[in-house]
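Asker: A predicted structure for the sequence below; I have some questions about it.
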Amino acid sequence: MPESSSIVQKVWNYCTVLRDDGVGYGDYVEQLTYLIFLKMAHEQTKPPYNKPSTIPKGYDWLSLTSKDGEALEGHYLATLTALGKEKGMLGIIFAKAQSKIQDPAKLKRLISLIDDEVWLGLDVDVKGEIYEGLLQKNAEDTKSGAGQYFTPRPLIKTMVEVMQPKPNMKICDPASGTGGFLTLTYDYIVKHNNLDKDQKKFLKNDALRGYDIVPQVARLCAMNLFLHGIGSEQSPIQVRDSLASDDGERFDMVLTNPPFGKKSSITIVNEEGKSDKDSVSYERPDFWTTTSNKQLNFVQHIKTILKVGGSAAVVVPDNVLFEGGAGETIRKNLLKDFEVHTLLRLPTGLFYAQGVKANVIFFDKKQASESAWTKDLWIYDLRTNKHFTLKESSMGMKDLEDFVKCYNPQNRHQRKETERFKRFKYEDLIKRDKTSLDIFWLKDDSLTDSDNLPEPSLIAEEIVENLEEALESFREIENGLERKK
């Protein structure tokens, strides 16, 4: 078996070559997705697998390796078009596929690089490592905007660790992005359980579901899952707007980081015939209230798709904790009808989308009851006096160890308060203005002690984030005035 480090190095080296040729990381990852999939499908037809080909004849891997020059370029385009019309995993991965490699010689080199390796012979973790590395690099390419689909892996691992997903559970990410929650959930279940044959089959084909509204992102997610050994011909990923409707499927667990920003991701035509993207509200009978705020709608959607007894961990921006109107209605209902037991206040500098102050809320779905299910909300403050940046000082697993200890996933009903971990009773929460859950108690040293000021770069970054937030608010006001004209 080839050394994983040498394959990773080869992939990175070629990524640099294509980058110099004007192919961005996002486009590179897409082209790699198409070609690796075709190579792996070809390997499955050989010993010891001997499976029938899932690729239509004439558009398989061998049809690409046998050509070069303009003939290769034309056939590659025809292959992408033909496979994009197929169903299942094929259709998801090749939907609206285009070739971004303009030089046939570079395409030939990329095919040769992939052809030299036996991909199915690689350990699943190694394949995942290569692909996850490319996805992260893609997210770092801020010009592409891909960062909004990438949640820091230490945060995902921590959420999965405290949620402890188990065999035979049905688990969903309704805003799956590139599939980080689903792949790490899969890895956790495999690592922590001695699965029998039926459990392995269920985990591979039926346990995990993901939805994303952006076809290109769903493609990356489908391939990421495939390289982790998840799914078969039938894709566990669907391209659809999760918020548009309730499809009736219910899950034991939901782990997700819905996209940032308050705007809807779809466009409708209003009564005056004008395209209006900012004021879309989802009229759903299963929702507590109607709002155009995406994060609040995702919270409502998650409460619907959870089974009774199911649990959720959801990344939400600060406005979900304190916004009035629909926000207050949703928080009151969530606290009453669900057991909202834990809130993790996240530090800034974690996400590629700037200006984000986020949290993770943990809640369980319960049977209908006259009295409120939430008794105590435990809040862990990982924000006050914590300073992270994406590159120079990124957050790691060690920074989340104390939260995991305080959460006490073995028995979260036996917890102890600490300096950063406090309990708040339901009776006190419901009396707060707008039922705000935006609660903090630690003294911010940077506000009182000039000797403890953050680094100038961190101060500058926070100023930029605040300015961007203010600019976004002005845009909303401007859009509101335009609609009233």
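Answerer: Now that the structure is in, tell me what you want to look at.
Asker: what's the neighbour count on the residue nearest to Thr183 when sequence neighbours are not counted?
Answerer: Nearest non-adjacent residue to Thr183, counting by CB to CB, 6 or more residues apart in numbering: His228, 4.6 Å away. Heads up, the C-betas are built off the backbone N, CA and C, glycines and all. His228: 23 surrounding residues under other CB atoms under 10 Å.
Asker: I'd say His228 and Asp187 touch.
Answerer: Yes: if you go by CB atoms under 8 Å, His228 and Asp187 touch, sitting 7.4 Å apart.
Asker: show me where pLDDT drops low in the stretch 101-250 of the chain?
Answerer: Applying pLDDT under 70 to the stretch 101-250 of the chain flags residues 123-129, 132, 134-149, 233.
Asker: list the contacts for the closest residue to Asp206 other than its chain neighbours?
Answerer: Setting aside the residues directly before and after it, Asp206 is nearest to Lys170 in space (CB to CB, 6+ apart), at 7.3 Å. Counting by CB atoms under 8 Å, 6 or more residues apart in numbering, Lys170 touches 206-207, 209, 250-253.
Asker: report the separation between Lys170 and Met253.
Answerer: 8 Å (CB to CB, to the nearest Å).
Asker: ditto for Ala41
Answerer: Using CB to CB, Ala41 is found at 31 Å from Met253.
Asker: the two: which has the busier surroundings?
Answerer: Shown here are Ala41 and Met253; by other CB under 10 Å, Met253 has more neighbours (22 against 18).
Asker: give me the helices and strands touching the longest strand seen in the chain, please.
Answerer: When the chain is parsed with DSSP state E, its longest strand is strand 306-317. Where contact means 3 or more CB pairs under 8 Å, 6 or more residues apart in numbering; DSSP states H and E, strand 306-317 is packed against helix 153-163, strand 251-256, helix 294-305, strand 358-365.
Asker: nearest to Gly26, out of the ones you listed?
Answerer: Of all the helices and strands packed on strand 306-317, helix 153-163 sits nearest to Gly26, with 18.7 Å by CB to CB.
Asker: immediately after the closest one, which helix or strand?
Answerer: strand 171-173 (DSSP states H and E).
Asker: what does the following helix or strand past that next one rub up against?
Answerer: Remark: after strand 171-173, the chain's next helix or strand is helix 180-192, criterion DSSP H and E. Identification of contacts with helix 180-192 by CB under 8 Å, 6+ apart yields 125, 128, 132, 150-151, 153, 156-157, 159-161, 164-167, 171, 173, 176, 195, 203, 207-208, 210, 221, 224-225, 228-230, 236, 255-257.
Asker: among those residues, the buried ones, what's the PyMOL command?
Answerer: To isolate the buried ones among the contacts of helix 180-192 in PyMOL, judged by 16 or more other CB atoms under 10 Å, type:
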select buried, resi 128+132+150+151+153+156+157+159+160+161+165+167+171+173+176+195+203+207+208+210+221+224+225+228+229+230+236+255+256+257
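Asker: tell me the buried residues in stretch 51-65?
Answerer: Within stretch 51-65, the residues that count as buried by 16+ other CB under 10 Å are 54-55, 59-61, 63-65.
Asker: adding distance to Met395, secondary structure and pLDDT, write the residues you listed out as JSON lines.
Answerer: Output for those, formatted as JSON lines (distance: CB to CB, whole Å; DSSP: H, G, I helix; E, B strand; the rest coil; pLDDT from 0 to 100):
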{"residue": "Thr54", "distance to Met395": "40", "secondary structure": "coil", "pLDDT": "80"}
{"residue": "Ile55", "distance to Met395": "41", "secondary structure": "coil", "pLDDT": "89"}
{"residue": "Tyr59", "distance to Met395": "44", "secondary structure": "coil", "pLDDT": "95"}
{"residue": "Asp60", "distance to Met395": "43", "secondary structure": "coil", "pLDDT": "94"}
{"residue": "Trp61", "distance to Met395": "40", "secondary structure": "helix", "pLDDT": "96"}
{"residue": "Ser63", "distance to Met395": "46", "secondary structure": "helix", "pLDDT": "96"}
{"residue": "Leu64", "distance to Met395": "41", "secondary structure": "helix", "pLDDT": "96"}
{"residue": "Thr65", "distance to Met395": "43", "secondary structure": "helix", "pLDDT": "95"}
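Asker: from these, pick the one nearest Gln31.
Answerer: Nearest to Gln31 out of those is Leu64 (CB to CB; 12.0 Å).
Asker: any idea how far the closest one is from Leu110?
Answerer: With the distance defined as CB to CB, Leu64 ends up 10 Å from Leu110.
Asker: can you check which residues contact both of the two?
Answerer: In terms of CB under 8 Å, 6+ apart, Leu64 and Leu110 are both contacted by the residues Leu35.
Asker: what sits against the closest residue to Asp444 other than its chain neighbours?
Answerer: Once flanking residues are discounted, Asp444 sits nearest to Thr384: 5.6 Å by CB to CB, 6+ apart. Listed by CB under 8 Å, 6+ apart, the contact set of Thr384 reads 345, 440, 442-444.
Asker: next, give me the two most distant ones among these.
Answerer: Using CB to CB, the contacts of Thr384 reach their maximum pairwise distance at Arg345 and Lys443, which is 14.8 Å.
Asker: okay, those two: which has more neighbours?
Answerer: Between Arg345 and Lys443, Arg345 has the larger neighbour count (other CB under 10 Å), namely 23 against 11.
Asker: mind checking how far that one is from Thr151?
Answerer: Distance, Arg345 to Thr151, by CB to CB: 16 Å.
Asker: same check, this time on Leu400
Answerer: With distances taken as CB to CB, Leu400 is found 13 Å from Thr151.
Asker: just Gly26 next, same as before
Answerer: Noted for Gly26: a distance of 17 Å to Thr151, by CB to CB.
Asker: ok, now Val254?
Answerer: 14 Å.
Asker: domain assignment for the chain?
Answerer: What automatic domain parsing lists as the domains of the chain is 4-131, 143-444.
Asker: low-confidence stretches in the stretch 351-485 of the chain?
Answerer: Short version for the stretch 351-485 of the chain, where the test is pLDDT under 70: 352-355, 390-392, 446-455, 457-459, 461-462, 465-466, 468-470, 472-485.
Asker: strands along that one, start to end?
Answerer: Taking DSSP state E, counting those that start in this stretch as the criterion, the stretch 351-485 of the chain carries its strands at 358-365, 376-381, 421-425.
Asker: check the offset of the shortest one from the chain's centre.
Answerer: Okay, so that is strand 421-425. Centroid separation for strand 421-425 versus its chain: 29 Å, with CA atoms, centre = their mean, to the nearest Å.
Asker: that one to strand 376-381, inter-axis angle?
Answerer: Put simply, strand 421-425 runs at 150 degrees to strand 376-381, going by axes from the mean of the first three to the mean of the last three CA atoms, to 10 degrees.
Asker: neighbouring strands - and their directions - for strand 421-425?
Answerer: Sheet pairing of strand 421-425 (DSSP bridges) gives strand 376-381 (antiparallel).
Asker: quickly note the distance from Asp402 to Lys422.
Answerer: Distance from Asp402 to Lys422, by CB to CB: 14 Å.
Asker: which of the domains of the chain is buried the deepest?
Answerer: Mean neighbour counts were compared across those using mean count of other CB atoms under 10 Å; the top stretch is domain 143-444, at a mean of 18.
Asker: so Val23 sits in a strand?
Answerer: No: assigned with DSSP: H, G, I helix; E, B strand; the rest coil, Val23 falls outside any strand and is coil.
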